[in-house]
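>>> What would the 3D arrangement of this be:
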Amino acid sequence: MSALLFDDLSRLLEVHDFNGRIVDLAQKVKTPSHLLTSLLTEQSYSDSVIFLAHCLKKRYSISWGYVCLIHTPVLWSSQEVNVLEGINSWLKEPAEKYRRSHEKDLHHLGVKSPIAWLGQAIFWSGGSITPEDAPEVNPSPSLFGQAVSGAVQLAALVENAMHSDKLYPQFIKLGIKLVEGMHKDDLLALSLEGI
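Here you go, the predicted model:
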C-alpha cells in the first residue's frame, strides 16, 4: 500500500497549489521520490516538507509528523507531552473521540508549538469542525497539509533554528522512506542518526 495519495507525480501536483519551483522541478523527474531527493539536494527544505505534508495519505502524514516531533531535540512541556500521547492514541485508533480531543490544542499550546499544529492537523483530518451538536462543516482540504507542514517546519526550527541544518534533511529523509514504501509503523523504530 502506497503512502502517497497517488503514485503518479502529475496527479500529486494537482493536490495543492504548489509553488513554481516544485512544479518546474517535477517536469525534470519521473517519480515523487526523485522530486523529493532533488529538492533535498538543492536544500529546498520548506518545499520538500510542504510536498510531503500535502501528498502523503493523512495517517502517513501524521505518523511522519509525529516521528519528526519525537526526534526533535527539545524538552517539551508537560502539556505538550500530553498532546503527543493523544496524537499517538489517534495513530493507534483514529477514532472520533481522539480526533475531537485535539480541537483546542492550538488554543491551549499556542501557534509556536509544533505539537499544537500536529494536533490541529488531526482535528482537520476529517469530520466536522463545528461543535458536536451543530450542523456539520468539513474543513477545507488544504488545512490539514498546512498544519502538518507547519508542525514539521516549526520542529526543525526549534531553539532558534540551531539544529535546522541537521533536522530538516533528517525529517525529509524520513518522509522519503515512506514514499519509497516503508510502513508508517516502522518509522518509529528508526534512529535519525542512521538516516
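
>>> those helices in this structure, which residues are they?
9-12, 20-26, 32-41, 45-55, 58-70, 78-92, 96-100, 105-109, 114-123, 141-156, 158-161, 164-179, 184-187 (DSSP state H).

>>> so who does M1 touch?
Not one residue lies near M1 by C-beta atoms under 8 Å, 6 or more residues apart in numbering. For every residue, glycine as well, the C-beta is placed using N, CA and C.

>>> Name the residues that touch the worst-scoring helix or strand of the chain on mean pLDDT?
Of all helical and strand segments in the chain, the minimum by mean pLDDT, DSSP states H and E falls on helix 158-161, at a mean of 80. For helix 158-161, contacts defined as C-beta under 8 Å, 6+ apart pick out 72-74, 114, 167.

>>> so L5 sits right up against R59, yeah?
No. The criterion here is C-beta atoms under 8 Å, and L5 misses it with R59 at 11.7 Å.

>>> Looking at these two, which is more packed in?
L5 (18 against 15; other C-beta atoms under 10 Å).

>>> Got the confidence number for that one?
Looking at L5, its pLDDT stands at 95.

>>> again, but for S164
89.

>>> Next: G194.
Each residue has a pLDDT score; the one for G194 is 65.

>>> In contact with the closest residue in space to I87 that isn't next to it in sequence: list those residues for me.
Using C-beta to C-beta, 6 or more residues apart in numbering and skipping residues adjacent in sequence, the residue nearest I87 is Y66, 5.4 Å away. Y66 sits next to 84, 87-88, 91, 118 when contact means C-beta under 8 Å, 6+ apart.

>>> Would you mind listing which of those residues are buried?
84, 87, 91, 118 (16 or more other C-beta atoms under 10 Å).

>>> Quick check: buried residues in stretch 79-88?
Going by 16+ other C-beta under 10 Å, stretch 79-88 has these buried residues: 80, 83-84, 86-87.

>>> mind putting those residues in a markdown table, distance to L25 and pLDDT included?
What follows is the buried residues of stretch 79-88, written out as a markdown table (distance: C-beta to C-beta, whole Å; pLDDT from 0 to 100):
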| residue | distance to L25 | pLDDT |
| --- | --- | --- |
| E80 | 35 | 95 |
| V83 | 35 | 95 |
| L84 | 34 | 95 |
| G86 | 36 | 95 |
| I87 | 31 | 95 |
